[in-house]
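> Sequence first, predicted model second:
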Amino acid sequence: MRGEEIILEVQNLSKVYDKEVLKLEKFSFQRGKIYGIIGPSGAGKSTFLRLLNLLEPPTTGSIYFKGKAVSMNGDAALAVRREMTMVFQKPLLFRSSVSENVAYGLKARRFPKEKTQERVEILLAKVGLKGFANRNAGTLSGGEAQRVALARAVAFEPALLLLDEPTANLDPSNVELIERLILDLNRETGMTFIMVTHNIFQARRIAQEVVFLHEGRIVEVGETEKIFTDPQDQRTRDFVEGRMIY
Amino acid sequence: MPPLLEGISEAFYLILTFDPYLMRIVFLSLQVSGTAVLLSTLVGVPLGTFLGLKPAGRTRLISKLLYTLMGLPPVVAGLVIYLLFSRMGPFGVLGLLWTPAIMIIAQFVLALPIIAGLTMIAIRSRGKTIQETALTLGAGKLLTAWTVVRESRFAIFGAIVTGLGRVIAEVGAVMMVGGNIAGRTRVMTTAIVLETGKGNFELAVGLGLVLLLIAFIINSLLYRFQEGGKNSAW
Amino acid sequence: MSPLCTAVHNELNKERGLRKMRFFKQGVKKEHGKGATLYFLFPVICLMLAFLILSGCAQAPAPIAPHPQEEASAEPVEKPVEEAVADKYIIMATTTSTYDSGLLDVLLPAFMEKYGIEVQVIFKGTGQALELGQRGDVDILLVHDRASELRLVEEGYFSDRHDVMYNDFVMVGPAADPAGVKGMAKVTDAFSAIAGGGYTFLSRGDDSGTYRRELKIWEKAGVSDFRDWYLSVGQGMGDTLRMTSEMQGYTLTDRGTYLSLKDKLDLEIVLQGDPVLFNQYGVMAVNPQKHAHVKYASTQKFIDFMMSPEGQDIIASFRIGGESLFFPGKGIKD
């Protein structure tokens, strides 16, 4: 592990819609790890990710990226967004070719044109879609689309990748492929992952550290195996042992 | 031969021989309505996109206003524009009354709510997701806005074509502000009213056929855009 | 891990050290790519197109002017009356009945040829035409409601009014003439007969000169009880005649419009010649003291032309199917 370098930190973060859905005192994510955020429906998992990716402003509190407080506005927010990205549960592919989709983030960053094509080919090969470059993105299956979305997200080598239920509704072979990609990327590039999943088995398979959220609060954090075999909190135990109905 | 049939055969003759009177009217119609729609697009698409990306709750009033204006009767628009631009009105000094320019203004007012409103509806259904996807991929403000518009292009083309269909077929506003002056502000719809009044059914039917043909082309385009949207929607 | 993946990762890693730094720097510096450039260009191009089309619109339909000193501007230029710069065009409001007769198709080209000034015509009911003139939205009027015209001249809205020509109104109805109007001499009697028998009567109902005359006749005939036999259609003369024909009713019309549409109608003249039916047309200019922008000098040329022997001759010799539609000058005594 790359250890102690903190990539993302939140302090006194809260979000109130009609009622308070998230309230966190202080939490740090370390560079190079894969985090799994688990918890029952309505625990605030997706809200947490949306705040981290600056898609919504927090009601109170601050987010620190690489030690600097993140502002929601303008160029500062853009600079932070440039270093992280998010893959949604239902990815939206642009109405154009597969290769244009993968190249979108590169174009936004003015990546040299002559190198773009090469990189797109490499990435497509990586997600098992070699030869799909000129296909209309609208004609892909769900699993293929999610793989394109993943290739699109990692194309510009973000330091941090946020995943919101990336494999929900996918068939087992696609789930396996995507999980392997996440593990490979983490091992070989040191990319940090924060993955929200309702699937505790998936969290156990790939996360190194697990955060259990319940009713908008962090109940327990720990190394994956410890959370699953020796949870300290009764609620965590109920959840990982499948007794919490949600 | 009954008048309608006679009208139709005479109409085809006028169309096929490119009758200059007919052609001039058709050309002016396309110029006026085309320009009006172009200007409405320039204002309406950015406006609709902006509104569509705002939470629906915060744009309730302006949405209601847009929906109401989408059904604005052309004669009412014409009356208001006439009163504004009449010599006694606040913009009278511009001397725009009875010119193609003021007809464009009137049709702009008619097309704008349609284009802005339909764009807003289209963006509201999918725009937020597109916007967030672009943002998370590191797009700046402009690229994000462009992406949202580009991704909604089929619906937006549909909105534009709907606007064109409305203004090219309206008679009330252009009659009131344009005055139906021969060779200057006479468009297809006002000419149909006039020629019918004079009993020149052949010419009226001929103009009607051209209008119908244009409506058909417009709707074919609309249909294509909607089909295109379906095929590549994911 | 597959060999392919390994190769890819090696590739990515190899580039990382150098490229990553450069990569993100480039990314932060410039935020908009080609898409954004397009976003900028699109409105600009559209705007340019719009201007092209707009300018084309303003100029294309204007006729070629024999006097190029004045720009093809939509805005009438204000100028002193004395300055003898020719206008490209003047705008005249007239009534549907005048327009539908076709007289202007002869008269206006003759004027254009002589003076190089185009007369652009807006046709409305007399009431609306008078209103347009009072507001200064047109330069000159050719209408037929003598009493109102004289009153408005008195009030200063118009000047240089002349009795330019006259014709008459006629009553038309179905050939079978169920109300028995044929043979009557007084139009008031005919109106009373229609009201008494409840025969269908179509009225313009649009504040036109014809409608105003019709109202006067009803008043003289003492009819004030209008039931469902009386249809106020709110249309121009041509449309009203066609509706009357379809419904086989009666209506009051100017002779000109009736003659020009006669072939397409199933109607006959059932009453004519009553002095009450005289229809005097007046031409008058919008008073430049009320509206300084009007093209007064050019309107004077038009009025002079209308009143000249040449203009009066054109009016007198205008015929449809061998019948005169208008008679020059003044047709009634004050």
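Structure received. Residues are numbered from 1 along each chain as shown, chains lettered A, B, ... in the order given.
> use CA for all of it now, contacts and neighbours both
OK.
> Flag the shaky bits of the stretch 51-200 of chain C, pLDDT-wise.
Counting by pLDDT under 70, the stretch 51-200 of chain C contains low-confidence residues at C:51-85.
> try it again with 50
Counting by pLDDT under 50, the stretch 51-200 of chain C has low-confidence residues at C:51-83.
> which residues in the stretch 51-200 of chain C form strands?
Shown for the stretch 51-200 of chain C, the strands assigned by DSSP state E, counting those that start in this stretch span residues C:89-95, C:118-124, C:140-143, C:158-173.
> Which residues does the third one contact?
Read it as strand C:140-143. Residues lying outside strand C:140-143 but in contact with it, judged by CA atoms under 8 Å, 6 or more residues apart in numbering or on different chains, are C:90-95, C:126, C:129-130, C:133, C:209, C:281-286, C:299.
> let's see 6 Å
Here strand C:140-143 makes contact (CA atoms under 6 Å, 6 or more residues apart in numbering or on different chains) with C:92-95, C:126, C:281-286.
> Which one of those sits in the busiest neighbourhood?
C:Val286 (32 neighbours; other CA atoms under 10 Å in any protein chain shown).
> thought that residue was touching C:Phe158?
Yes. The pair C:Val286 and C:Phe158 passes the contact test of CA atoms under 6 Å, sitting 4.5 Å apart.
> Show me the helices in chain A, by range?
Here chain A has its helices, by DSSP state H, at A:45-52, A:74-81, A:98-108, A:113-126, A:142-154, A:172-189, A:200-206, A:224-229, A:234-240.
> right, quick check: the helix or strand bottoming out on mean pLDDT in chain B against chain C, any contact?
Across the helices and strands of chain B, mean pLDDT, DSSP states H and E gives its lowest value to helix B:201-232, namely a mean of 78. No. In this structure, helix B:201-232 remains apart from chain C according to CA under 6 Å from any CA of the partner chain; the gap is never smaller than 10.2 Å.
> What is that helix packed up against?
Counting contacts by 3 or more CA pairs under 6 Å, 6 or more residues apart in numbering or on different chains; DSSP states H and E, helix B:201-232 is packed against helix B:3-16, helix B:153-168, helix B:188-197.
> Tell me the buried residues in that helix?
Residues of helix B:201-232 classed as buried by neighbour count (16 or more other CA atoms under 10 Å in any protein chain shown): B:201-211, B:214-215, B:218-219, B:222, B:225, B:229.
> For the helices of chain A, give me TSV that also has mean neighbour count, mean pLDDT and distance to chain C.
Conversion of the helices of chain A to TSV gives the following (neighbours: other CA atoms under 10 Å in any protein chain shown; pLDDT from 0 to 100; distance: least, CA to the nearest CA, whole Å):
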stretch	mean neighbour count	mean pLDDT	distance to chain C
helix A:45-52	22	92	19
helix A:74-81	17	84	6
helix A:98-108	26	93	5
helix A:113-126	17	90	6
helix A:142-154	23	94	11
helix A:172-189	16	92	7
helix A:200-206	17	92	15
helix A:224-229	17	91	23
helix A:234-240	17	90	30
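> Any idea which of those gets closest to C:Gly331?
Judged by CA to CA, the one of the helices of chain A that comes nearest to C:Gly331 is helix A:74-81, at 80.6 Å.
> Enumerate the residues of chain A near chain B.
Contact residues, chain A versus chain B (CA under 6 Å from any CA): A:81-82, A:85-86, A:105, A:108, A:138.
> Please work out which of the helices and strands packed on helix B:201-232 is packed deepest.
Among those, the stretch with the highest mean neighbour count (mean count of other CA atoms under 10 Å in any protein chain shown) is helix B:153-168, at a mean of 23.
> who's in contact with that helix?
Applying CA under 6 Å, 6+ apart, the contact partners of helix B:153-168 are B:33, B:37, B:107, B:111, B:114-115, B:118-119, B:222, B:225, B:229.
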